[in-house]
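Visitor: just need the structure, nothing else, for what follows:
(chains A, B, C and D)
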2 protein chains.
Amino acid sequence: MASRHHGIADDLRHQITTGRIRAGERLPSETDLAAQHKVSTSTLRNALAVLEREGLVEKVHGKGNFVRRPVRKITYVGGWGTLDPWTAADAALHITVRTTAIQAHGHLTTLLRVPNDSPLTEFIGISYEGETPHSLARIYAPRDLTQTAALGDEPSGAGEAKSFAVLSPPPAEVRETVCARLPTPDEASSLRISSTAAVLAITRVAADTAGRVVEAALLTFPGDRVDAVFTTHHVINERQTQG
Amino acid sequence: MASRHHGIADDLRHQITTGRIRAGERLPSETDLAAQHKVSTSTLRNALAVLEREGLVEKVHGKGNFVRRPVRKITYVGGWGTLDPWTAADAALHITVRTTAIQAHGHLTTLLRVPNDSPLTEFIGISYEGETPHSLARIYAPRDLTQTAALGDEPSGAGEAKSFAVLSPPPAEVRETVCARLPTPDEASSLRISSTAAVLAITRVAADTAGRVVEAALLTFPGDRVDAVFTTHHVINERQTQG
DNA sequence: CAGTGGTCTAGACCACGCG
DNA sequence: GCGTGGTCTAGACCACTGT
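Guide: Numbers count the residues shown, from 1 in each chain, chains lettered A, B, ... in the order given. Purely as a prediction, here's the structure:
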C-alpha cells in the first residue's frame, strides 16, 4: 500500500462502487471515519481528498461528505454539431440563461475581431441534468446579429439544447480551441466539483463566409462528465477541414 | 486573505513571477520557508501544493522545490494536421520512440476494430522540449500496415515531428475524442507534472476510405502546456465534416 | 445550540538523493 | 550521514448548517 490514506481511500471507494454506500448518501462524519480506521483526522481527510478528486465524493462544509451520483458521460460534438450537441437527447436537461448587453473589451475584441466598446450581447448559461450541473457557457455575439434568432432567456427543454448555439444557419468556419485545466473557484462552485478536479474548456469561434466572427463561446465542462469529439473527413486528394 | 497558506502562496508566486526567484532555481527548504513565514511546515506545504497545481513549482523528493521553466504553449492541431502538428516548428523538440510487436486485446480491439490477438505494432513515445516533456503517445496500428512507412525508432528533429503520425497518406476519416482528467501516477512522473494538475487526453482513431482503422493513438499532454485546435469548414449547403 | 467540515500547530518518524 | 521532502499524529480553534 502506497500510504495509509490511499488504503483508506481504496476501502471507501470499494464501499461506494459496490453500493455498500449509495449515491446521494452521506458518509459517516470524518471524526467517526477516523476512529473506525484508527487514524488521525488529517490522514482521513487526505483519503477523502483522493475520492473528491476522483469525483466520487462531494464535500459540503457543515453538512458532511456525500457520495456523488454516478456520472453520465456526455459527448460534446465539435464543428458546430448539426446533430444534437449533447448526445443526451434523452437526458432530462434544463438550461438557465441570462442575457445582457455589454461592450467589447479585452480578449473579447480579439476573439470577435471587433473594435473596443463595440456593442455585444452576452449569454451566460448553466445546464443541469437534474440537480447536477454539466456545463457553463459564456457566449458573445455582435449585437446586430442577435436580433433575429436569439436563444430565449426562459429555461428550455432537452430537444432545444443546441449546444448553446445562438444562430440558426451553420457558419462557414468554426474554430474550437480545447484546453484542460483546473477550475477557477467560481467554476468549481457553479459546477459543484472539487477545485482539484479537471475541467475541459472549449473556446469556440464561429465565422461566416465573409470571415466575420458571428459568435464566440467560452464553454466549461467537468472533465469527468464530458468528452469532446471531433471528426474530420478528408476528401480524396484534398484537405478541406484544416485551417 | 482566504487562508494563511493562500497568502503564502501569493507571496511566493509573486517572487517567482517577478523573477525574484528564477526559473530552475531551488526554493529555500520547507523548514526554512515555514520559519520565515512563521507557520507550521504543514501549512507551508499546503502553500506549495497550490503553486504545484498551478505548474509554477516542481517538487523533488530528497532534493527540494524548484521553480519550473515558464511554459511555452504548444498547439495540437486536430484532424491529422497536414500542417505541422506542434506549431512549434521552431521549438527544439526531440522524441524518443520505442516500438514493440503486440497482440490486440481489450479496448484496443474495439478501437481498431480487429479481432482479439490480431498482430499490432505499438509505438510508445515521449517528446521533449529541452528537458521538459510535453507529450506522451501510445500508438497502435495493424502490423501489416506498418511495414512500409514507419516512424523510425531513432530520435527525430523538429521538422519531422508529425504528431507521432505513423502513416504518410492522410486517412479518409479521423475521429478525435478529447478529455480532461488528472494524470495517472505514471503519466505524472513521465511528464514531470503534479499528480493534481490537469492533462489533456486525446484518443485519435484514423480510418481509410474503406473504413478500415489504420491507427489508434492515445495522446496525453500536460494541460498547462498544450491547447488543441479543431477547425471545421462548412461548404455552402453542405455539411461535410460531421460524423 | 450541537454537529459538521476547514485550517492550523508542533512535533515524530520515514523515504529519498547525494556526497 | 545529513539534508531534503513525505506521511502521520493528537490535538486546538474557526466557520458553516441545521434545530
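Visitor: same for the helix or strand bottoming out on mean pLDDT in chain A, what does it pack against?
Guide: For chain A, using mean pLDDT, DSSP states H and E, the weakest element among its helices and strands is strand A:93-103, scoring a mean of 84. Applying 3 or more Cβ pairs under 8 Å, 6 or more residues apart in numbering or on different chains; DSSP states H and E, one finds that strand A:93-103 makes contact with strand A:119-129. Placement of C-beta: from N, CA and C, glycine included.
Visitor: how about the strand it packs on: buried residues?
Guide: For strand A:119-129, a neighbour-count test (16 or more other Cβ atoms under 10 Å in any protein chain shown) marks A:120-123, A:125-129 as buried.
Visitor: average model confidence for the helix or strand encompassing A:Asn46?
Guide: Using DSSP states H and E, the secondary-structure element containing A:Asn46 is helix A:41-53. For helix A:41-53, the mean pLDDT works out to 97.
Visitor: could I get the buried residue list for it?
Guide: Applying 16+ other Cβ under 10 Å to helix A:41-53 flags A:44-53 as buried.
Visitor: just the closest of those to DNA strand C, please.
Guide: Looking at the buried residues of helix A:41-53 and their distance to DNA strand C, the nearest is A:Arg45, at 5.9 Å (Cβ to the nearest atom of the strand).
Visitor: what residues are up against the closest one?
Guide: By Cβ atoms under 8 Å, 6 or more residues apart in numbering or on different chains, the residues touching A:Arg45 are A:Glu30.
Visitor: sec struct for A:Lys59, please.
Guide: Following DSSP: H, G, I helix; E, B strand; the rest coil, we place A:Lys59 in the strand state.
Visitor: how many neighbours does it have?
Guide: The criterion is other Cβ atoms under 10 Å in any protein chain shown. On that basis, A:Lys59 has 16 neighbouring residues.
Visitor: please verify my assumption that it contacts A:Arg53.
Guide: No. Shown here, A:Lys59 and A:Arg53 do not form a contact pair, counting by Cβ atoms under 8 Å, at 11.3 Å.
Visitor: wait, what's in contact with A:Ala188?
Guide: Each residue near A:Ala188 by Cβ under 8 Å, 6+ apart is listed here: A:194-195, A:197.
Visitor: which of the buried residues of strand A:119-129 lies closest to chain B?
Guide: Distance ranking of the buried residues of strand A:119-129 against chain B, using Cβ to the nearest Cβ, places A:Ser127 first at 17.4 Å.
Visitor: ok, the closest one to A:Ile74 distance?
Guide: Distance check for A:Ser127 against A:Ile74: by Cβ to Cβ, to the nearest Å, it reads 9 Å.
Visitor: please apply the same query to A:Leu44.
Guide: A:Leu44 sits at a distance of 33 Å from A:Ile74 (criterion: Cβ to Cβ).
Visitor: my guess is A:Glu173 contacts B:Phe230, does it?
Guide: No. Counting by Cβ under 8 Å, A:Glu173 sits too far from B:Phe230 to count as a contact (11.2 Å).
Visitor: of the buried residues of helix A:41-53, list those near DNA strand C.
Guide: Near DNA strand C, judged by Cβ under 7 Å from any atom of the strand, the entries from those are A:Arg45.
Visitor: could the buried residues of helix A:41-53 be laid out in a markdown table, adding distance to DNA strand D?
Guide: Listed next are the buried residues of helix A:41-53 as a markdown table, based on distance: Cβ to the nearest atom of the strand, whole Å:
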| residue | distance to DNA strand D |
| --- | --- |
| A:Leu44 | 7 |
| A:Arg45 | 9 |
| A:Asn46 | 5 |
| A:Ala47 | 8 |
| A:Leu48 | 12 |
| A:Ala49 | 11 |
| A:Val50 | 10 |
| A:Leu51 | 14 |
| A:Glu52 | 15 |
| A:Arg53 | 14 |
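Visitor: with the buried residues of helix A:41-53 in mind, which one is nearest to chain B?
Guide: Minimum distance to chain B across those is 6.0 Å, recorded for A:Arg53 (Cβ to the nearest Cβ).
Visitor: roughly how far does that closest one sit from A:Thr196?
Guide: A:Arg53 sits 5 Å away from A:Thr196, going by Cβ to Cβ.
Visitor: now the common contact residues for these two.
Guide: Overlap of the contact sets of A:Arg53 and A:Thr196 (by Cβ under 8 Å, 6+ apart) consists of B:182, B:196.
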